[in-house]
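Asker: here's a sequence, model it:
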Amino acid sequence: MSKTSREIVLDILLDIDRNDRFAGDALGGALRANQFMNKKERAYISRLTEGVTEQKIRLDYILNQFSKTKIKKCKPVIRCILRMAAYEIFYMDAVPDEAACNEYVNLTGKRGFRTLKGYVNGVLRSVCRNKAAITYPSMEDGVESYLSVKYSVPEELVGFLLKEYSTDQLEQILQAGEQERGTTIRVNTMQTTTEKFRNILIEKGIKVEKGYYNQTSLIISGYDYIRTVPGFHEGLFTVQDESSSLQVLAAGIRSGDVILDVCAAPGGKTMYAAEQTGEQGHVYARDISEEKVDKIDENLERLELHNVSTKVWDAAVPDPDMIEKADVVLADLPCSGLGVMARKNDIKYHVTEDMVRELAAIQKTILDVCAAYVKPGGTLIYSTCTIDRIENEENVTTFLKAHEEYELESLSDYMPECLKKRAEKGYITLLQGVDHCDGFFISRLRRRK
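Answerer: The predicted structure follows:
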């Protein structure tokens, strides 16, 4: 017997809980395994999985007001069922509250917990009866507590970010996770034009908006599955946020340049750099595992780009063969990912200040290695998809002290008009919810001749 949509979501959430998986990976695997379900069911599975993951702290706060057992101490199946039910009750209107309660009580029994059906029923009925009267922390109860529950972010992370941003700024950043947003793609201009491809999508009923910062970027929505979007298999586009594409633009790549992308998977920057340098140039794309490099190769094949060599290589290990070989080194390094919390809604549960400092140390090591790869007069682009100073500005400062042959160079000539002023000092931090893209840090370091 095939599983219902709720059973599939429960399995996904248990997979995340038990195996410490990221929601996007678990959900993606489940959707691929159920790719023949109709669009409505797939959308329901995605929304419920992502919603429960994103609102976990807020949902637990609500449920704890009506449960004698703290939700974190419940059995994993019961914990997930209660969170799913609470999310449907508060955030989804397709099913009446009473019907939703019945569905989840029945699911409890179906999963072998008949003795707990009464408990689940009691908690959910109490939630429904008192839905309008539930109170939440106010600013007077403490900024950390207020922001933590309102935006379902751990208090420790709120406190860490408040060291760098005002309450108003941080709330604006966290609000980005609550907003609907489409998928940003970049058109492969070696195969088509942005306008021509935009018209193809519109003709197929896909909603399309122009990008804010990159003329080759489009924001799409109203499709079922990215691989079913017209032009995917023909390599007419790749999924890439505008913040990531700005990193490549910041490099000022010229036709014929030699590019080294040291942490390249899944290949968005590599592909854009390959288009920029053309057949006269070459891109060396690397990452730490066969799996990651396979993803790069898959995308290169799809976009029919032939001026790229891929290789499994640990970016922290020096490669004597690359010394002073690159006109441009792209170092978009592993980071805490605080700039993509709006898209990857469970990153926030994994980040601590200790983790940030450990990552910053790894980034420093890789930057020191990369310094030797750049030709005199060449460019090192250091970027991250995070928004804290420890991994960003502080790393740049440390690098410049250790490498006197480098200097910061203004990014203004490579940025769109609306960002030029902010980019004059040689680096820029883009903020989700403030700018029209993911949070991202980009710096341009020029090696003196």
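Asker: tell me which residues in the one helix or strand residue 40 maps to are buried?
Answerer: Under the criterion of DSSP states H and E, residue 40 resides in helix 39-54. Using 16 or more other C-beta atoms under 10 Å as the burial criterion, the residues of helix 39-54 that qualify are 42, 44-54. Using the backbone N, CA and C atoms, a C-beta is placed for each residue, glycine as well.
Asker: contacts for it?
Answerer: For helix 39-54, contacts defined as C-beta atoms under 8 Å, 6 or more residues apart in numbering pick out 5-6, 8-9, 12-13, 16, 23, 26-27, 30-31, 34, 37, 59, 80, 83-84, 87-88, 91-92, 94, 152, 177, 224-225, 345-346.
Asker: narrow those residues to those that are buried.
Answerer: 5-6, 8-9, 12-13, 16, 23, 26-27, 30-31, 37, 59, 80, 83-84, 87-88, 152, 177, 345-346.
Asker: pretty sure residue 327 is in a strand, no?
Answerer: Yes. Looking at residue 327 with DSSP: H, G, I helix; E, B strand; the rest coil, it is inside a strand.
Asker: tell me the pLDDT of it.
Answerer: Turning to residue 327, the model gives it a pLDDT of 98.
Asker: ok, now which ones touch it?
Answerer: Contacts for residue 327 (C-beta under 8 Å, 6+ apart) come out as 253-254, 257-259, 374-375, 378-379.
Asker: quick check: domain ranges of the protein?
Answerer: 5-133, 139-178, 183-239, 242-447 (automatic domain parsing).
Asker: please save the CA atoms from the helix holding residue 40 in PDB.
Answerer: Output in PDB follows, covering the C-alpha atoms of helix 39-54 (Å, rounded to 0.1, in the frame of the first residue of the first chain):
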ATOM      1  CA  LYS A  39       2.100  18.400  -8.400                       C
ATOM      2  CA  LYS A  40      -0.400  19.200  -5.600                       C
ATOM      3  CA  GLU A  41       0.800  16.300  -3.400                       C
ATOM      4  CA  ARG A  42       4.500  17.100  -4.000                       C
ATOM      5  CA  ALA A  43       3.900  20.800  -3.200                       C
ATOM      6  CA  TYR A  44       2.100  19.700   0.000                       C
ATOM      7  CA  ILE A  45       5.000  17.500   1.000                       C
ATOM      8  CA  SER A  46       7.500  20.200   0.300                       C
ATOM      9  CA  ARG A  47       5.600  22.900   2.200                       C
ATOM     10  CA  LEU A  48       4.900  20.800   5.300                       C
ATOM     11  CA  THR A  49       8.500  19.500   5.500                       C
ATOM     12  CA  GLU A  50      10.100  22.900   5.000                       C
ATOM     13  CA  GLY A  51       7.500  24.600   7.300                       C
ATOM     14  CA  VAL A  52       8.000  22.200  10.200                       C
ATOM     15  CA  THR A  53      11.800  22.400   9.800                       C
ATOM     16  CA  GLU A  54      11.800  26.200   9.600                       C
END
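Asker: list the buried ones in the very next helix or strand once past that helix?
Answerer: Elements were assigned by DSSP H and E; along the chain past helix 39-54, the next helix or strand is helix 56-64. Buried positions in helix 56-64, judged by neighbour count with 16+ other C-beta under 10 Å: 56-63.
Asker: what sits up against helix 56-64?
Answerer: Contacts of helix 56-64 (C-beta under 8 Å, 6+ apart): 52, 70-72, 82-83, 86-87, 90, 123, 127, 134, 136, 148-154, 349.
Asker: follow-up on the earlier one: looking at the contacts of residue 327, which are in strands?
Answerer: Among the contacts of residue 327, the ones falling in strands (DSSP state E) are 258-259, 374-375, 378-379.
Asker: now, of those, which are buried?
Answerer: Buried members of those, scored by 16+ other C-beta under 10 Å, are 258-259, 374-375, 378-379.
Asker: may I see those organised as TSV, with distance to residue 194 and pLDDT added?
Answerer: Output for those, formatted as TSV (distance: C-beta to C-beta, whole Å; pLDDT from 0 to 100):
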residue	distance to residue 194	pLDDT
258	27	98
259	23	98
374	31	98
375	32	98
378	29	98
379	26	98
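Asker: re the thing from before, if you compare the domains of the chain, which one is most tucked away?
Answerer: Among the domains of the chain, domain 242-447 has the highest mean neighbour count (mean count of other C-beta atoms under 10 Å), at a mean of 20.
Asker: what about it, how long is it end to end?
Answerer: Terminal residues of domain 242-447 are spaced 26 Å apart (C-alpha to C-alpha, to the nearest Å).
Asker: helix, strand, or coil at residue 189?
Answerer: coil.
Asker: now name the helix or strand holding residue 445.
Answerer: In this structure, residue 445 sits in strand 440-447 according to DSSP H and E.
Asker: and the contacts of stretch 122-141?
Answerer: Counting by C-beta under 8 Å, 6+ apart, residues outside stretch 122-141 touching it are 61-63, 65-67, 82, 85-86, 89-90, 97-98, 100-101, 104-105, 145-146, 148-150, 167.
Asker: got it, and stretch 17-29?
Answerer: 12, 15-16, 45-46, 49-50, 53, 76, 79-80, 344-347.
Asker: now that stretch - C-alpha only, PDB.
Answerer: Backbone C-alpha positions of stretch 17-29 (Å, rounded to 0.1, in the frame of the first residue of the first chain) are rendered in PDB as follows:
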ATOM      1  CA  ASP A  17      16.000  13.800  13.200                       C
ATOM      2  CA  ARG A  18      17.700  10.400  13.500                       C
ATOM      3  CA  ASN A  19      20.400  10.800  10.900                       C
ATOM      4  CA  ASP A  20      21.200  14.500  11.500                       C
ATOM      5  CA  ARG A  21      20.600  15.200   7.800                       C
ATOM      6  CA  PHE A  22      19.800  18.600   6.300                       C
ATOM      7  CA  ALA A  23      16.200  19.000   5.300                       C
ATOM      8  CA  GLY A  24      17.000  19.800   1.700                       C
ATOM      9  CA  ASP A  25      18.800  16.600   1.200                       C
ATOM     10  CA  ALA A  26      16.200  14.400   2.900                       C
ATOM     11  CA  LEU A  27      13.300  16.200   1.100                       C
ATOM     12  CA  GLY A  28      15.100  16.000  -2.300                       C
ATOM     13  CA  GLY A  29      15.600  12.300  -1.900                       C
END
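Asker: tell me what residue 331 is bridged to.
Answerer: residue 382 (DSSP bridges).
Asker: confidence score at it?
Answerer: Per-residue pLDDT puts residue 331 at 98.
Asker: how much space is there between it and residue 357?
Answerer: 19 Å (C-beta to C-beta, to the nearest Å).
Asker: now this structure, which segments are flagged as low pLDDT?
Answerer: 1 (pLDDT under 70).
Asker: spit out the contact partners of residue 263.
Answerer: With contact set as C-beta under 8 Å, 6+ apart, residue 263 has these partners: 286-288, 315, 331-334, 366.
Asker: checking it next. Helix, strand or coil?
Answerer: Three-state assignment for residue 263 (three-state DSSP): coil.
Asker: need phi/psi at it.
Answerer: Per-residue torsions, residue 263: phi -130, psi 80 (degrees, to the nearest 10).
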